[in-house]
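> Got a predicted model here, sequence first, then my questions.
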Number of protein chains: 2
Amino acid sequence: MTSSKTPNKSADDSDVNAALESGRRRATINDIARLAGVSKKTVSRVINQSPFVREETRQRIEAVIAEWGYAPDPQARGLAFRRSFLIGMIYDNPNPQYVVNMQLGLLDGMRGSGFELVVHPCDRSSPTFLQDVRMFIERQKLFGVVLPPSVSEDERVADLLRDIGCEYIRIASVPLDEEEHMIVGHDRLGAQAMGEHLVSLGHERIGFITGLPSFRSSHERRGGFEDALAKAGVKLDPDYVVQGAYTFESGLACGEALLAKTPRPTAIFAGNDEMAAGVLQAARRAGLTVPEDLTVVGFDDFQIAQAVWPPLTTIHIPTREVGRMAAEKLIAREGYEPGDPSRIIPYLVTRESSAAPKKV
Amino acid sequence: MTSSKTPNKSADDSDVNAALESGRRRATINDIARLAGVSKKTVSRVINQSPFVREETRQRIEAVIAEWGYAPDPQARGLAFRRSFLIGMIYDNPNPQYVVNMQLGLLDGMRGSGFELVVHPCDRSSPTFLQDVRMFIERQKLFGVVLPPSVSEDERVADLLRDIGCEYIRIASVPLDEEEHMIVGHDRLGAQAMGEHLVSLGHERIGFITGLPSFRSSHERRGGFEDALAKAGVKLDPDYVVQGAYTFESGLACGEALLAKTPRPTAIFAGNDEMAAGVLQAARRAGLTVPEDLTVVGFDDFQIAQAVWPPLTTIHIPTREVGRMAAEKLIAREGYEPGDPSRIIPYLVTRESSAAPKKV
DNA sequence: GAAGCCCTTGACACCGGTTTCCACTCCCTT
DNA sequence: AAGGGAGTGGAAACCGGTGTCAAGGGCTTC
């Protein structure tokens, strides 16, 4: 009777066990404690990997936990810890494929950790934006949040997070914060690769369509492109740079604008695939054949790049992998090593939309 | 001194108020009770809209709640209620735009309700699928789940949910469950509309590409199409029906197969836009011009329909609205009326990919 | 053999809400 | 004025975990 805590509990115990065994009730920490003949505090220690538990005791408890399939209640645990086991993704990126890939990546990185992902699209221009974000985080007592662009680039949000002491990871194309809060993408490298590709094909009069200026990636992509051109001794004529908005429609309009220039560019590099698809349409309306009359290239390598005609030469961005790294960094589990940054380096994908310019 | 509960609390009170006012601590139900001069039970009654509170008392408490911006802790509340305020979206639909639109719709319907959305993509063919779902729901004590296709069509999942007593809404193109658990889409109507459109243009030899047979929508779309043709006295030749997989690649392959038939169909109706984009590519490879040589139409009206050339005639499905209705139904708030089903009726969007067949 | 220390363990209060139970109003009847 | 019922609010237990702190046991050390 060493494990019995009160003299007349055995009758109750059998009732309790019956309820448990029939599956009518999930096991609680008290059940596990009782079944293992220890106090619930010790079970708690095992759950939280406290080193102050005798190996033999730990194994006994772990066996009982495994046998009954016990998992602690995140709400109760969260209540005591004063925080939840939820991770928020706060975003305003309008591209569905980016969003979904990012979500999948985050879930990859969270798998088996006991955390769950709560999604929170937002409108950065709303007057209540910061208050909404704060409410979201404080009410749910989020463990942490992941911020993809362009929310990641908003210092007000970062300040808020530091202020309320919420863990966060910012995903951006440039370092904006301490290293531990950043996953830095390599848009610049990707744009450089594209610049080299176009130059190597022999293009010299190239149009460029920027993304939304509120996204740092817009500037990085342009910058990387200019780097590559400069290195090859080709100059990017500012007159051939027009500002898009990362949308198909803006790509169409900007494409038409660029194609109206004299002389016409022999290639157009759009800041993302959506806009490149718009350029393809502009080219078609102008009676031009791609890539014979015009090279059109994009950035991101989302599905649209393959669905248009001709399929787009573009830069592949490993969004899902970026998400995985972000989640891993956020929860920083034991056995977590920093993650090889080379996993998220973008690369050129050559398809049929790019070719050498026609000889004059 | 009527509101003072213990004689020597006033000193403590000012400390507590200081902490509150400085924002160092969020208000709890005890603070609100103290500030309003009532017991926390009464505050709880107000929060939970109990009718047993004097109107005057209620207003006083609500004023204090508003003044301090108090919101009850979902974890503590959930712990006592034995359920969380989380809603799960369990899905295996591979289309990013569908997923994102559905999420947005669900969030629309949940806005201001205090619920949050936890996303849970899954693999229905995994051996641990049902166990994963069960674990997800039971651990988080989800308030309810929303099941879009094709998870919604899996009776094992519905059985599981009934078994563990979890609220759920199934989104599908046919009624599969009691009315209160269903949002029924109208794929059939949409496909009928497309059938009528093609017939009215004069097409009689029409190819059809089905979606994945594991999606009920595939059969409904085909069925609705056949209905419309039958009504017009046109027969759908089974030889001109090929099975796709809702992907671009499958659309390409199926398009090639259909265009190889003799005589060639004058129109191809693909079960979704992705496949229609594939058909466009097959047509181009075959040297055909759309819509002069071949009419190609899709279904869903996702963004790809506008980004390809020519832009696709398709059926618009109000996915986001469907999501909103699902969420509203799930949380069935006071003031909730069933929701006008006409809001989610699909409609034809005519673009440039459909035209009358050339005269022979 | 007693003191001192470390390793383990458990009792108890607490996280922030809800529910149960009960006592106390208040108002209306008799 | 007393009695009775409905309406109202408080104390304490509870949801399922965690923090704090002190106690028990085995070991070494003097």
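Yep, that arrived.
> For residue A:241, give the beta-bridge partners.
Beta-bridge partners recorded for residue A:241 (DSSP bridges): residue A:208.
> Near it, how many other residues are there?
Burial of residue A:241 is recorded as 18 neighbouring residues (other C-beta atoms under 10 Å in any protein chain shown). (Glycine included, C-beta is placed from N, CA and C.)
> what's the answer for the one 4 residues further on, then?
Here the neighbour count serves as a burial measure; for residue A:245 (other C-beta under 10 Å) it reads 22.
> and if you look at residue A:138?
Residues near residue A:138, counting by other C-beta under 10 Å: 15.
> What helices and strands are in contact with the strand or helix carrying it?
In this structure, residue A:138 sits in helix A:129-140 according to DSSP states H and E. The contact analysis (3 or more C-beta pairs under 8 Å, 6 or more residues apart in numbering or on different chains; DSSP states H and E) places helix A:129-140 against strand A:86-91, strand A:116-121, helix A:155-164.
> anything in the helix or strand following that helix near chain B?
The element immediately downstream of helix A:129-140 (helix or strand, assigned by DSSP H and E) is strand A:144-147. No - with C-beta under 8 Å from any C-beta of the partner chain as the criterion, chain B is not reached by strand A:144-147; the gap is at least 12.8 Å.
> mind checking how far strand A:144-147 is from the chain centre?
9 Å (C-alpha atoms, centre = their mean, to the nearest Å).
> returning to that earlier point: what's the closest of the helices and strands packed on helix A:129-140 to DNA strand C?
When those are compared by C-beta to the nearest atom of the strand, helix A:155-164 sits nearest DNA strand C, at 14.3 Å.
> quick one: that closest one to chain centroid distance?
Per C-alpha atoms, centre = their mean, the centroid offset for helix A:155-164 relative to its chain is 19 Å.
> now the angle from that helix to strand A:86-91?
160 degrees (axes from the mean of the first three to the mean of the last three C-alpha atoms, to 10 degrees).
> which bits of the stretch 51-200 of chain A sit near chain B?
The stretch 51-200 of chain A has residues A:71, A:73-76, A:78-79, A:84, A:86, A:96-97, A:99-101, A:103-104, A:107, A:114, A:116-119, A:121, A:135-136, A:138-141 near chain B, with proximity defined as C-beta under 8 Å from any C-beta.
> distance of the residue lying closest to residue A:137 once chain neighbours are set aside from chain B?
Closest residue to residue A:137 apart from its sequence neighbours, by C-beta to C-beta, 6 or more residues apart in numbering or on different chains: residue A:166 at 5.3 Å. The gap separating residue A:166 from chain B is 13 Å, by C-beta to the nearest C-beta, to the nearest Å.
> now swap in residue A:24 and tell me
11 Å.
> and chain A, what are its domains?
Taking automatic domain parsing as the reference, chain A has its domains at A:7-72, A:80-185+A:321-339, A:187-318.
> OK, contacts around the spatially closest residue to residue A:240 that is not a sequence neighbour?
Leaving aside its sequence neighbours, residue A:240 sits nearest to residue A:207 (C-beta to C-beta, 6+ apart; 4.6 Å). Each residue near residue A:207 by C-beta atoms under 8 Å, 6 or more residues apart in numbering or on different chains is listed here: A:240, A:241, A:242, A:258, A:261, A:265, A:267, A:268, A:269.
> Return the residues in contact with the residue nearest to residue A:72 when sequence neighbours are not counted.
Spatial nearest neighbour of residue A:72, excluding adjacent residues (C-beta to C-beta, 6+ apart): residue A:47 at 5.7 Å. Applying C-beta under 8 Å, 6+ apart to residue A:47 gives the contacts A:29, A:65, A:72.
> Could you do residue A:64 as well?
A:32, A:35, A:36, A:70.
> mind putting the residues you listed in JSON lines, pLDDT included?
Listed next are these as JSON lines, based on pLDDT from 0 to 100:
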{"residue": "A:32", "pLDDT": "92"}
{"residue": "A:35", "pLDDT": "91"}
{"residue": "A:36", "pLDDT": "91"}
{"residue": "A:70", "pLDDT": "93"}
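> Out of the residues you listed, the closest to chain B would be?
residue A:70 (10.7 Å; C-beta to the nearest C-beta).
> how about the helices in chain A?
A:10-21, A:29-36, A:40-47, A:55-68, A:74-81, A:96-110, A:129-140, A:155-164, A:187-201, A:216-231, A:248-259, A:273-285, A:304-307, A:319-331 (DSSP state H).
> Need the winner for burial among those.
helix A:273-285 (a mean of 26; mean count of other C-beta atoms under 10 Å in any protein chain shown).
> tell me what that one is packed against?
Using 3+ C-beta pairs under 8 Å, 6+ apart: helix A:273-285 touches helix A:248-259, strand A:267-270, strand A:295-297, helix A:304-307, helix B:304-307.
> I'd like these as TSV, with distance to residue B:296 appended.
As requested, the helices and strands packed on helix A:273-285 are arranged in TSV below (distance: least, C-beta to C-beta, whole Å):
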stretch	distance to residue B:296
helix A:248-259	19
strand A:267-270	25
strand A:295-297	22
helix A:304-307	13
helix B:304-307	11
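> Which of these sits closest to residue A:126?
Nearest of the helices and strands packed on helix A:273-285 to residue A:126, taken as C-beta to C-beta: helix A:248-259 at 22.4 Å.
> quick check, the closest one touching chain B?
Yes - for helix A:248-259 and chain B, the contact criterion (C-beta under 8 Å from any C-beta) is met by residue A:248.
> before we move on, the earlier item: could the helices and strands packed on helix A:129-140 go into CSV alongside distance to residue B:355?
Converted to CSV, the helices and strands packed on helix A:129-140 look like this (distance: least, C-beta to C-beta, whole Å):
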stretch, distance to residue B:355
strand A:86-91, 40
strand A:116-121, 38
helix A:155-164, 50
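> Mean pLDDT and distance to residue A:236 added to the ones you listed, as JSON lines?
Below are those laid out as JSON lines (pLDDT from 0 to 100; distance: least, C-beta to C-beta, whole Å):
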{"stretch": "strand A:86-91", "mean pLDDT": "97", "distance to residue A:236": "31"}
{"stretch": "strand A:116-121", "mean pLDDT": "97", "distance to residue A:236": "35"}
{"stretch": "helix A:155-164", "mean pLDDT": "95", "distance to residue A:236": "29"}
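> contacting residues for residue A:46?
The contact partners of residue A:46, by C-beta under 8 Å, 6+ apart, come to A:53, A:57, A:58, A:61, A:62, A:65.
> Recalculate using a threshold of 10 Å.
By C-beta atoms under 10 Å, 6 or more residues apart in numbering or on different chains, the contact set of residue A:46 is A:32, A:36, A:38, A:53, A:57, A:58, A:59, A:60, A:61, A:62, A:64, A:65.
> could you measure it against residue A:73, distance?
Per C-beta to C-beta, to the nearest Å, residue A:46 is found 16 Å from residue A:73.
> Kindly report the same for residue A:80.
From residue A:80 to residue A:73 the distance is 10 Å (C-beta to C-beta).
> Quick check, residue A:216 in contact with residue A:155.
No - using C-beta atoms under 10 Å, residue A:216 is not in contact with residue A:155, being 12.0 Å away.
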